[in-house]
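# Sequence and predicted structure, then a few things I'm wondering about:
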Amino acid sequence: MRLPVLAAVLSVLSVACREKPRPPQEFNGTGAFDYIRIQVGFGPRVPGTQAHQQMGDWLDSLLRQRADTVVVQSWKHVTAGGDTLPLRNFIARFNSSAANRLLLLAHWDSRPVSDSPRSQDSTKAVLGANDGGSGVALLLGVADALKRAPPTVGVDLLFVDGEDYGDFTKAPADVLIGSRYYGAHQLPGPKPLYAVLFDLVADKDLQLYQEGNSLIGAPEVVELVWSAAKDLGYGGYFISSPRHTLIDDHLELQKAGIRAIDVVDFDYPAWHTQYDTIDKVSAASLQVVGDVAIALIRREGPTT
């Protein structure tokens with residue numbers, strides 16, 4: 001009885017040895033997690049602070065080592081309260097001459113107040129390990145992968161500033177500032193095929209439901225992203241049903257004529273609190289979302 005079983009096992013092993021090994025994952029979740037660690041090391045990246053300035057300079061330097069071209073959009077924004085904020089958007093471009101392009105984006109600032117009802121001290125700034133830090137880390141991980149293996153499609157990685165500064169209900173001009181500026185000052189050439197915003201994507205308990213305004217504004221892009229996740233075996237994380245409808249950077253891009261959606265885990269208890277710290281996020285979650293981002297890029301064929 002044992003010999004036939006052993007023969008069958010050896011046969012399976014022989015076939016496995018003849019198969020081509022699977023290529024290694026291009027996205028490095030552990031490396032991306034280190035980018036979160038560096039960001040929180042600056043402290044809260046609130047516009048107008050030294051930490052914000054240092055973070056922006058670090059981001060600029062890092063992108064210039066990875067991208068074909070880096071475009072910096074610099075301007076000053078005067079808030080409803082009379083504060084003047086020096087802001088910068090960073091656009092890292094890969095395969096700059098390609099006509100067909102994808103746009104991936106995240107915000108790199110963090111919130112000046114912990115104003116969630118869950119917060120115990122609203123005067124504290126948000127450290128933003130997940131809210132801000134995770135999206136930036138994901139895009140930097142994508143940049144690392146594209147530096148090693150350049151894309152056949154054009155890719156723009158957009159890091160927007162001033163997303164989380166003001167009051168979303170009382171002072172709407174003081175939030176989503178960078179995405180609004182980008183929408184009004186788009187780079188020359190055709191619009192991207194579509195755009196994907198990554199926000200709050202490293203929660204240890206990752207659950208990415210389909211966002212309501214994304215389903216309204218670009219349902220085909222939602223389907224594309226969630227299908228890519230399912231193909232990778234990540235259907236348990238990318239859940240194919242709606243839950244939240246959010247005001248986020250993708251809306252400003254939609255207004256500018258870009259088919260943009262939001263990939264966001266809004267079921268994050270530490271959102272807009274002083275508890276949004278590195279112990280709440282994980283490299284494993286970044287790996288899941290990073291693999292999907294890379295899959296979206298690699299599925300696009302050569303440009304003409």
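Looks like it arrived, so ask away.
# Am I right that R111 is in contact with G128?
Yes. Counting by C-beta atoms under 8 Å, R111 touches G128, with 6.8 Å between them. No exception for glycine: its C-beta is placed from N, CA and C like everyone else's.
# Of those two, give the one with the bigger neighbour count.
Shown here are R111 and G128; by other C-beta atoms under 10 Å, G128 has more neighbours (29 against 26).
# backbone phi and psi for the more buried one, please?
Main-chain torsions, G128, degrees, to the nearest 10: phi 70, psi 40.
# Equivalent analysis for P242, please.
Torsion angles, degrees, to the nearest 10, at P242: phi -80, psi 150.
# Identify each buried residue in the helix or strand harbouring V72, please.
Assessed by DSSP states H and E, V72 sits inside strand 69-78. Judged by neighbour count (16 or more other C-beta atoms under 10 Å), strand 69-78 contains these buried residues: V70, V71, Q73, H77.
# can you redo those residues as TSV with distance to P86 and pLDDT?
Output for the buried residues of strand 69-78, formatted as TSV (distance: C-beta to C-beta, whole Å; pLDDT from 0 to 100):
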residue	distance to P86	pLDDT
V70	18	98
V71	17	98
Q73	12	98
H77	8	98
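# if we can go back for a sec, shared neighbours of R111 and G128, which are they?
Common contacts of R111 and G128 (C-beta atoms under 8 Å, 6 or more residues apart in numbering): P44, D164.
# before we move on, what SS does D262 have?
strand (DSSP: H, G, I helix; E, B strand; the rest coil).
# so it sits right up against E252, yeah?
No. The criterion here is C-beta under 8 Å, and D262 misses it with E252 at 11.4 Å.
# Partner strands of the strand holding V72, with direction?
Using DSSP bridges, strand 69-78 pairs in its sheet with strand 84-94 (antiparallel).
# immediately after the partner strand, which helix or strand?
Remark: after strand 84-94, the chain's next helix or strand is strand 101-107, criterion DSSP H and E.
# Using CSV, list the CA coordinates for whichever helix or strand comes after that next one.
Moving toward the C-terminus from strand 101-107, the next helix or strand (DSSP H and E) is helix 133-148. C-alpha atoms of helix 133-148 as CSV (Å, rounded to 0.1, in the frame of the first residue of the first chain):
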residue,chain,number,x,y,z
GLY,A,133,1.5,57.4,6.0
SER,A,134,0.2,54.2,4.5
GLY,A,135,-0.7,55.7,1.1
VAL,A,136,2.7,57.3,0.8
ALA,A,137,4.4,54.1,1.8
LEU,A,138,2.4,52.2,-0.8
LEU,A,139,3.3,54.6,-3.6
LEU,A,140,7.0,54.6,-2.6
GLY,A,141,6.9,50.8,-2.7
VAL,A,142,5.4,51.0,-6.2
ALA,A,143,8.2,53.4,-7.2
ASP,A,144,10.8,50.9,-6.0
ALA,A,145,9.2,48.2,-8.1
LEU,A,146,9.0,50.4,-11.2
LYS,A,147,12.6,51.5,-10.8
ARG,A,148,13.7,47.8,-10.9
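# Check which residues of helix 133-148 are buried.
The neighbour-count check on helix 133-148 (16+ other C-beta under 10 Å) flags 133-146 as buried.
# My guess is R243 contacts L208. True?
No. Using C-beta under 8 Å, R243 makes no contact with L208, being 9.6 Å away.
# Which residue of those two possesses the greater neighbour count?
Set R243 next to L208 and count neighbours by other C-beta under 10 Å: L208 wins out with 28 against 15.
# Quick check: the more buried one vs L105, distance?
According to C-beta to C-beta, to the nearest Å, L208 stands 16 Å off from L105.
# likewise L59?
Relative to L105, L59 is positioned 13 Å away (C-beta to C-beta).
# Give me the common contacts of the two.
With contacts taken as C-beta under 8 Å, 6+ apart, L59 and L105 have F159 as neighbours in common.
# What ranges does the chain have for its helices?
Applying DSSP state H to the chain gives helices spanning 2-18, 29-42, 50-64, 133-148, 177-184, 212-217, 219-231, 249-255, 283-298.
# Export these to TSV and append columns for mean pLDDT.
Output for the helices of the chain, formatted as TSV (pLDDT from 0 to 100):
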stretch	mean pLDDT
helix 2-18	40
helix 29-42	98
helix 50-64	98
helix 133-148	98
helix 177-184	98
helix 212-217	98
helix 219-231	98
helix 249-255	98
helix 283-298	98
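# so which of the ones you listed gets nearest H272?
Each of the helices of the chain has some distance to H272 by C-beta to C-beta; the shortest is helix 133-148, at 13.8 Å.
# I appreciate the help and will end here.
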